[in-house]
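Engineer: Have a look; sequence and predicted model below, questions after that.
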Amino acid sequence: MRRLFLTFSCSVLSCVAHAHDVPAEKPPAVTFDSRISPVVSEAGMVVAQDAIAAEVGRDILAQGGNAVDAAVATGFALAVTHPQAGNLGGGGFMMVSLYDENGDGDVIAIDFREMAPASATRDMFLGEDGEVDRDVSWYSHQSAGVPGTVMGLLDALETYGTMDRKEVMAPAIRLADNGFPVSYSLSASFLEYKDTLANDPSSMDYFFKPDGELYVVGDVLKQKHLAGTLRRISSKGRVGFYGGKTADLIVAEMADGGGLITHNDLENYETVIREPVSGNYRGYEVYSMPPPSSGGIHIVQMLGVLEGYDLRSDGHNSAAYLHKLIEVMRRAYADRSKHLGDPDFYDVPVKELTGEAYAKKLREDIDLKKASRSSDIAPATHFADEQPATTHYSVMDKWGNAVSVTYTLNFSYGSGHSVDGAGFLLNNEMDDFSSKPGVPNYYGLIGAEANAIEPRKRPLSSMSPTIVRNKDGLNVLVTGSIGGSTIITQTLQVILNVVEFDMNVQAAVQAPRMHHQWLPDLVFVEPGINIDTVRILESMGHSISREDDGAVTRNINGRANSIAWDGLYFYGAADGRDPKGAAKGN
Ligand code: GLY
């Protein structure tokens, strides 16, 4: 029998002892710095990239709401307090695991990814020279897909929640109306993106002070137009966004800026309930997001290959361990470029990619002593700096129900254009399509036919909200991350840190991570991975991304806000890579 899932030694914040069986053949667990402690609670937990929004969700739990009620309230609150990625004008994915009175219940995936407008065309981002015009695919109104967030949150609430729409939306409306104090992180983000936002008169109105100055720490940001839109959604439901005044404002904004979204596109937007991709890893069932996300498939695929190795004996973040991760990631992202797209348009070979036979084949292909090369395809030259452009949050209620949500505008603040009069930013998710086969998108990701632009299609995503259950069916880990193309590999490493290396969830989230995505053929490592280890990897033939002065200083920029549950206590871990995040328990 395996050890009870998560165990914790005494720490400065908590001292929680649980009996557990440890199999004789299992090497001792890595003791990662036990001073890094999660927030502990007995009655539910919300972990989000913004403390105010996490408190909103926690309060909903305290009022008796379930995890879905709290997730929906947190989602609407983030649209106010975390405007760089919390949104009404974008889309995302939600994984939901609810138990019935017998303690049973499936995990389901809610897809509220943006859809291409009906008039979108395959070559819409190609200039006269036949090359992708980045200004158009990144920063124009044409880069906006039809937003899915509002439909997704409302559908989740109606189907799986217990509270009234007005109750769960009230905090967001209050925050938009009365304002909230700008944090250090938000003011730094406004400063970083001031040029993007200043390009659009409405964004200038919404995110700069009336005198044109930047908001700084402690200033109160009020968003009256956004409050109006939230109020229309609260009182009319879907029609408050996809019809009526809000829809008129979106369509007028499109007419003004040359965008494609019409009333028809808004009326026809729909969320889809999908079956998660799942796979077993060392006795734990991992449920993650299916296409149009690539995350679930590649997490399960990579775990399938890695399960054939004795990673624990290699040791966490040793060269032998990281070499295997790199080689597995290289192969997964090569598959992503060819086989992944919207399953409603393209037959994605989910079973083949995640099956045991293919995992074995990939494992046989990996040389344990030497790096392979990705150079059979012309190397990409572009790998943009990662932006904290998406947001991930995790929720558990006192019954152990779990919700894992990742949603986004794509870039921080999307295209930078706001809907005038409606107070929210537009996504630029159309750039997640493959605008031209073989040409990398913003994240350096290559795509092909499977992810070509088509009307009403959903662009391929890397967002990977994930729920892990133990053999007794307990939701023992709720996780996911932000970070564009790196979301998949960062989520994978949190799962491995917890399941394989027995780290407490906070240590698992804090541990330095690495990333490889096939092309460019470069390994990105976070500070904290030992430089001797980096040198061993280089001697094996891996190309490590280094700064001009040779330092390995790349921050991969994930925010893997996660919760673990051992059946008694909830352990909330906000990713310390953003000081604005928080774990809030009751
Ligand atoms: N926009 C990033 C993603 O969905 O993967």
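Structural biologist: Perfect, I can see it now.

Engineer: Quick one: name the residues of the stretch 451-586 of the chain near the ligand.
Structural biologist: S461, S462, M463, G484 (C-beta under 6 Å from any ligand atom). Backbone N, C-alpha and C define where each C-beta goes, glycine included.

Engineer: Could you rerun that using 5 Å?
Structural biologist: Residues of the stretch 451-586 of the chain found near the ligand (C-beta under 5 Å from any ligand atom) are S461, S462, M463.

Engineer: List just the nearest of these to T262.
Structural biologist: Closest approach to T262 among these (C-beta to C-beta): S461, at 23.5 Å.

Engineer: How many residues are close by the closest one?
Structural biologist: When neighbours are defined as other C-beta atoms under 10 Å, S461 has 30 of them.

Engineer: Look up which residues are beta-bridged to it.
Structural biologist: Beta bridges link S461 to S293, judged by DSSP bridges.

Engineer: With distance to Y407 added, can I get the residues of the stretch 451-586 of the chain next to the ligand in TSV?
Structural biologist: What follows is these, written out as TSV (distance: C-beta to C-beta, whole Å):
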residue	distance to Y407
S461	10
S462	13
M463	8
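
Engineer: can you tell me which residues contact the closest residue in space to F241 that isn't next to it in sequence?
Structural biologist: Closest residue in space to F241, ignoring its immediate chain neighbours: V150 at 4.2 Å, by C-beta to C-beta, 6 or more residues apart in numbering. Listed by C-beta atoms under 8 Å, 6 or more residues apart in numbering, the contact partners of V150 are L88, I233, R238, F241, Y242.

Engineer: go with 7 Å
Structural biologist: Contacts for V150 (C-beta atoms under 7 Å, 6 or more residues apart in numbering) come out as L88, I233, R238, F241.

Engineer: same question, A560
Structural biologist: Shown in contact with A560 (C-beta under 7 Å, 6+ apart): H392, T479, G480, S481, Q490, T491, V494, V509, D575.

Engineer: Leaving out chain neighbours, which residue sits closest to it?
Structural biologist: S481 (4.1 Å).

Engineer: from memory that neighbour sits against T489, does it?
Structural biologist: No - counting by C-beta atoms under 7 Å, S481 stays clear of T489, with 9.1 Å between them.

Engineer: more neighbours, the two?
Structural biologist: A direct count of neighbours by other C-beta under 10 Å for S481 and T489 places S481 higher, at 34 against 30.

Engineer: would the more buried one count as being in a strand?
Structural biologist: No - counting by DSSP: H, G, I helix; E, B strand; the rest coil, S481 is not found in a strand; it is coil.

Engineer: For it, give me phi and psi.
Structural biologist: The phi/psi pair for S481 (degrees, to the nearest 10) reads phi -160, psi 180.

Engineer: give the contact list for it.
Structural biologist: Taking C-beta under 7 Å, 6+ apart, we find S481 in contact with H392, I487, Q490, T491, G558, R559, A560.

Engineer: What pLDDT is listed against the residue of the stretch 151-300 of the chain found nearest the ligand?
Structural biologist: Nearest residue of the stretch 151-300 of the chain to the ligand (C-beta to the nearest ligand atom) works out as S293 at 7.4 Å. Each residue has a pLDDT score; the one for S293 is 97.

Engineer: give me the element the residue of the stretch 301-450 of the chain found nearest the ligand is part of.
Structural biologist: Nearest residue of the stretch 301-450 of the chain to the ligand (C-beta to the nearest ligand atom) works out as N410 at 4.1 Å. For N410, there is no host helix or strand (DSSP states H and E).

Engineer: tell me, how many neighbours does it end up with?
Structural biologist: By the measure other C-beta under 10 Å, the count of residues near N410 is 32.

Engineer: swap in G258?
Structural biologist: 10.

Engineer: Leaving out sequence neighbours, find the closest residue to it.
Structural biologist: G258's closest residue in space is H141 (C-beta to C-beta, 6+ apart), at 5.5 Å.

Engineer: Show me the shaky parts of the chain.
Structural biologist: Applying pLDDT under 70 to the chain picks out residues 1-35, 375-388, 553-555.

Engineer: For it, which residues are neighbours of the ligand?
Structural biologist: Residues of the chain lying near the ligand (C-beta under 5 Å from any ligand atom): N410, D432, S461, S462, M463.

Engineer: Report the contact partners of the third one.
Structural biologist: Spelled out, it's S461. By C-beta under 7 Å, 6+ apart, S461 lies in contact with R113, P292, S293, S294, D432.

Engineer: Max pairwise distance over the residues you listed: which two?
Structural biologist: Farthest apart among these by C-beta to C-beta are R113 and S294. That separation is 11.8 Å.

Engineer: Wait, F76 touches A172, no?
Structural biologist: Yes - counting by C-beta under 7 Å, F76 does reach A172; the two are 3.8 Å apart.

Engineer: List the residues that are in contact with both of these two.
Structural biologist: Shared contacts of F76 and A172 (C-beta under 7 Å, 6+ apart): L230.

Engineer: ok, now which ones touch G44?
Structural biologist: Taking C-beta under 7 Å, 6+ apart, we find G44 in contact with L61, M396, D397, K398, F570, G585, N586.

Engineer: Which of those fall within strands?
Structural biologist: Using DSSP state E, M396, F570, G585 are the members of those that sit in strands.

Engineer: okay if I get these as JSON lines plus distance to D100 and neighbour count?
Structural biologist: Below are the ones in strands among the contacts of G44 laid out as JSON lines (distance: C-beta to C-beta, whole Å; neighbours: other C-beta atoms under 10 Å):
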{"residue": "M396", "distance to D100": "17", "neighbour count": "32"}
{"residue": "F570", "distance to D100": "20", "neighbour count": "29"}
{"residue": "G585", "distance to D100": "24", "neighbour count": "23"}
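
Engineer: quick one: which of these is nearest to N504?
Structural biologist: Closest approach to N504 among the ones in strands among the contacts of G44 (C-beta to C-beta): F570, at 12.6 Å.

Engineer: In space, what's closest to the closest one - neighbours in sequence excluded?
Structural biologist: M45 (4.0 Å).

Engineer: neighbours of L153, just the number please.
Structural biologist: The number of residues near L153, taken as other C-beta under 10 Å, comes to 31.

Engineer: wait, doesn't it sit right on A77?
Structural biologist: No - using C-beta under 7 Å, L153 is not in contact with A77; the gap is 11.0 Å.

Engineer: For the two, list the residues in contact with both.
Structural biologist: With contacts defined as C-beta under 7 Å, 6+ apart, no residue is shared by L153 and A77.

Engineer: from what I can see S462 touches I487, true?
Structural biologist: Yes - counting by C-beta under 7 Å, I487 is a contact partner of S462 at 4.5 Å.

Engineer: These two - which one has more neighbours?
Structural biologist: Shown here are S462 and I487; by other C-beta under 10 Å, I487 has more neighbours (33 against 30).

Engineer: which secondary structure element contains that one?
Structural biologist: Assigned by DSSP H and E, I487 falls in helix 487-499.

Engineer: Counting by contacts, list what that helix packs against.
Structural biologist: Packing partners of helix 487-499 (3 or more C-beta pairs under 7 Å, 6 or more residues apart in numbering; DSSP states H and E): helix 295-306, strand 466-469, strand 475-479, helix 505-510.
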